[in-house]
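1. Everything below, folded, please.
(4 chains)
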Number of protein chains: 2
Amino acid sequence: MSFNNSDDPRSTAVDQLEAFGLSTYAARTFVALAGLGEGTAKDVSALAEVPRTRVYDATAELREHGLVDVQQSTPKRFTAVSAETTGRRFRREYTHRADALTEALDGIEPVTPNAEQRGVWTVTGREMVSDRVVEFVDGASEEVVLVTLDALLTDDVASALRSATDRGVAVRVCGMDFSATEGSGDRLPDGCGFESSRTWSGVPAGRLLMVDRSRTLASVVVDGDGEHPPGERDETAIWGAGDNNSLVVVLKAMFAWLNGE
Amino acid sequence: MSFNNSDDPRSTAVDQLEAFGLSTYAARTFVALAGLGEGTAKDVSALAEVPRTRVYDATAELREHGLVDVQQSTPKRFTAVSAETTGRRFRREYTHRADALTEALDGIEPVTPNAEQRGVWTVTGREMVSDRVVEFVDGASEEVVLVTLDALLTDDVASALRSATDRGVAVRVCGMDFSATEGSGDRLPDGCGFESSRTWSGVPAGRLLMVDRSRTLASVVVDGDGEHPPGERDETAIWGAGDNNSLVVVLKAMFAWLNGE
DNA sequence: ATCCGAATTAACTCATATAATCACAATAAG
DNA sequence: CTTATTGTGATTATATGAGTTAATTCGGAT
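-> Numbering: from 1, shown residues only, chains lettered A, B, ... in the order given. Presented below is the predicted three-dimensional model:
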């Protein structure tokens, strides 16, 4: 009658271990050993739902990952490393993997960085949109104009804006809510040249971004019924690049109009 | 005739992406798009070895990971995010996973932390041994005595020793080589009370660790022919816990003898 | 409007990996 | 010596995913 609640520490631990590339037997064996502290194959097989004869394979797999130590006695005894050590191991390994991946991809990317582009691209997901915003701001060389909901101005975005300012890019940010300009004034560099947030009443809530007058992004929070913390609500964005890109032309005009008023 | 050299950026990128849980089609599609910057299913299928009809599955998978944007035209066009964004995405996701794993495991670990233990446990691998050293030092409450090869005194170990000192643990460290005491004097806290490294001439090179006089570890570098940078060479360690543990008793006596001389 | 070719989606087959079972050898205790 | 238990190896079943094929949709040309 062991129910697999997702809030059960054991099942979450198993899930994460499998995400880190372990087999289910190895994952279950490890959490069993973490609970036991120390035990034999029989102990593990009784606690975790792993066939006794497969515990040896599972512990061998875990041993190669440095997660289990073994006592050469009969019966063999197994012990798991601490929770902190486990986390540290995987954190390091996958940080290295991410570094290697970034480096490898850097050696692949095309010579033509971001030429003219005809169409309009779509992204969905709050985090995904934030990634694009950061990517575009990181690529800015002259100017960044951003209008955003306060709740969508995450630390990632704020730090990207700050580093852009630091390297001499003219950054202008404006919040769509009332709280934006004051509440996060300390997280942002100076230079929010826009007028009050009343300008944006009636505009679909989300973000508007223009970088170097040649890359623009517009997003809306779907199911945005006005509740303040969008939280889990999804966000959908479109973006385009190139001086003659239709979306770029439209947003460029829009920003110029707002600025001129 | 496309040879799969392991130093080829493309194949390393594919390997890493697969380690991050992507299917091989998705991984190959992504590196193809990273090289193209932008392209259709046909383009991808020509460059990466992915059946054209499966490029759509692959890009859908990539889209859910926030790695690819789509242009809703015919033919559909796909584009990959930058190398930096890719790395940032996975780095964040797997850092969160490691945190969740540590937290879940913390809620599982047994009440009896580290009681008396009869036998002796074995670990192999330089990194694995370092992990145990860090784990034991982190668990120290009174005293740490460590004798180690200079090359095995990694930053992880050094910082663990420092934080132990900071919380009031008496830490004594001694290098087995001549260079140890001087070369890394700045990385370590004060209190290396041992005599010169001549004491250890003839002793198999590796590490000796004693924590609170109740947990000890001894390691040797296998194939240790005396060359200074052990580099890839493997390390094998044994450790034990408990006041009456045989290994603890032996090493306790050994340290007492060295100290008394 | 209709036809044709390309693009896209969906369904299917097959291979590989891994979960699960079984049979047997080795070991320790009675 | 017998017997229960432990460890190792081989075997089967199943599920995932790679690879292929067919069916549908779509845009452009007749």
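
2. Spell out the residue ranges of the helices in chain A.
-> With DSSP state H as the definition, chain A shows helices at residue ranges A:9-19, A:24-36, A:41-47, A:55-64, A:83-106, A:126-138, A:155-166, A:179-183, A:246-260.

3. Of those, which is nearest A:Trp239?
-> Evaluated over the helices of chain A, closeness to A:Trp239 peaks at helix A:126-138, with 6.1 Å, by Cβ to Cβ. Where you see a C-beta, it was placed from the backbone N, CA and C, and this is true even at glycine.

4. returning to what we had before: and the helices of chain A, which one is worst for confidence?
-> Of all those, the segment with the smallest mean pLDDT is helix A:179-183, scoring a mean of 51.

5. Now for the residue nearest the centre of chain A: which residues touch it?
-> The centre of chain A sits closest to A:Glu127, judged by Cα atoms, centre = their mean, with a distance of 5.6 Å. By Cβ atoms under 8 Å, 6 or more residues apart in numbering or on different chains, the contact list for A:Glu127 reads B:Gly66.

6. Map the structural domains onto the sequence of chain A.
-> The record, using automatic domain parsing to delimit domains, assigns chain A the ranges A:9-103, A:121-260.

7. for these, which one sits closest to B:Glu18?
-> domain A:9-103 (9.7 Å).

8. Relative to DNA strand D, which residue of the stretch 151-261 of chain A is the closest?
-> Going by Cβ to the nearest atom of the strand, DNA strand D is nearest to A:Ser246 of the stretch 151-261 of chain A, at 16.6 Å.

9. contacting residues around that residue?
-> Taking Cβ under 8 Å, 6+ apart as the contact definition, A:Ser246 lies against A:Val120, A:Gly240.

10. and DNA strand C, which of the helices of chain A is closest to it?
-> That would be, of these and by Cβ to the nearest atom of the strand, helix A:24-36, which comes in at 4.0 Å.

11. and the closest one, what does it pack onto?
-> Based on contacts counted as 3 or more Cβ pairs under 8 Å, 6 or more residues apart in numbering or on different chains; DSSP states H and E, the elements that helix A:24-36 packs against are helix A:9-19, helix A:41-47, helix A:55-64, strand A:68-71, strand A:77-80.

12. A:Gly242 is nearest to which of those?
-> With Cβ to Cβ as the criterion, A:Gly242 lies closest to helix A:9-19 of the helices and strands packed on helix A:24-36, at 38.5 Å.

13. now the strands for the stretch 151-261 of chain A?
-> If you assign secondary structure with DSSP state E, counting those that start in this stretch, the strands in the stretch 151-261 of chain A sit at A:170-175, A:206-211, A:215-221, A:235-241.

14. could these be laid out in TSV, adding distance to DNA strand C, mean pLDDT and mean neighbour count?
-> Conversion of the strands of the stretch 151-261 of chain A to TSV gives the following (distance: least, Cβ to the nearest atom of the strand, whole Å; pLDDT from 0 to 100; neighbours: other Cβ atoms under 10 Å in any protein chain shown):
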stretch	distance to DNA strand C	mean pLDDT	mean neighbour count
strand A:170-175	37	90	21
strand A:206-211	25	94	24
strand A:215-221	22	94	23
strand A:235-241	17	94	22
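
15. out of those strands, nearest to chain B?
-> Taking Cβ to the nearest Cβ as the criterion, chain B comes closest to strand A:235-241 out of the strands of the stretch 151-261 of chain A, the separation being 7.6 Å.

16. Adjacent strands (with direction) for the closest one?
-> strand A:121-124 (antiparallel), strand A:215-221 (antiparallel) (DSSP bridges).

17. circling back: which of the helices of chain A sits most buried?
-> With neighbours taken as mean count of other Cβ atoms under 10 Å in any protein chain shown, the helices of chain A reach their highest mean count in helix A:24-36, at a mean of 24.

18. what residues does that helix touch?
-> A:10, A:13-14, A:17-18, A:22, A:39, A:43-44, A:47-50, A:54-55, A:57-59, A:61-62, A:67-68, A:78-80, A:83, A:86, B:105, B:108-110.

19. tell me, which of the residues you listed make contact with DNA strand C?
-> Within the set of the contacts of helix A:24-36, contact with DNA strand C (Cβ under 7 Å from any atom of the strand) is found for A:Glu49, A:Val50, A:Arg54.

20. In those residues, which residue is surrounded by the most others?
-> For those, the largest neighbour count, defined by other Cβ atoms under 10 Å in any protein chain shown, is 21 neighbours, found at A:Val50.

21. ok now do that residue, which residues does it touch?
-> Under the criterion of Cβ under 8 Å, 6+ apart, the neighbours of A:Val50 are A:Tyr25, A:Arg28, A:Thr29, A:Ala32, A:Val44, A:Ala58.

22. Out of these, flag the one nearest to A:Arg162.
-> When these are compared for distance to A:Arg162 (Cβ to Cβ), A:Arg28 comes out closest, at 45.2 Å.

23. gap between the closest residue to the closest one other than its chain neighbours and A:Thr86?
-> The shortest distance from A:Arg28 to any residue other than its chain neighbours is 4.0 Å, reached at A:Ala48 (Cβ to Cβ, 6 or more residues apart in numbering or on different chains). As for A:Ala48, its distance to A:Thr86 is 16 Å (criterion: Cβ to Cβ, to the nearest Å).

24. Also A:Ala164?
-> 38 Å.

25. now A:Asn245
-> Looking at A:Asn245 against A:Thr86, where the rule is Cβ to Cβ, the gap reads 48 Å.

26. And A:Gly37, by the same measure?
-> Taking Cβ to Cβ as the criterion, A:Gly37 is separated from A:Thr86 by 14 Å.

27. check contacts around the closest residue to A:Pro204 other than its chain neighbours.
-> Closest residue to A:Pro204 in three dimensions, ignoring its sequence neighbours and counting by Cβ to Cβ, 6+ apart: A:Val220, at 4.6 Å. The neighbours of A:Val220, taking Cβ under 8 Å, 6+ apart as the test, are A:Pro204, A:Ala205, A:Gly206, A:Glu235, A:Thr236, A:Ala237.
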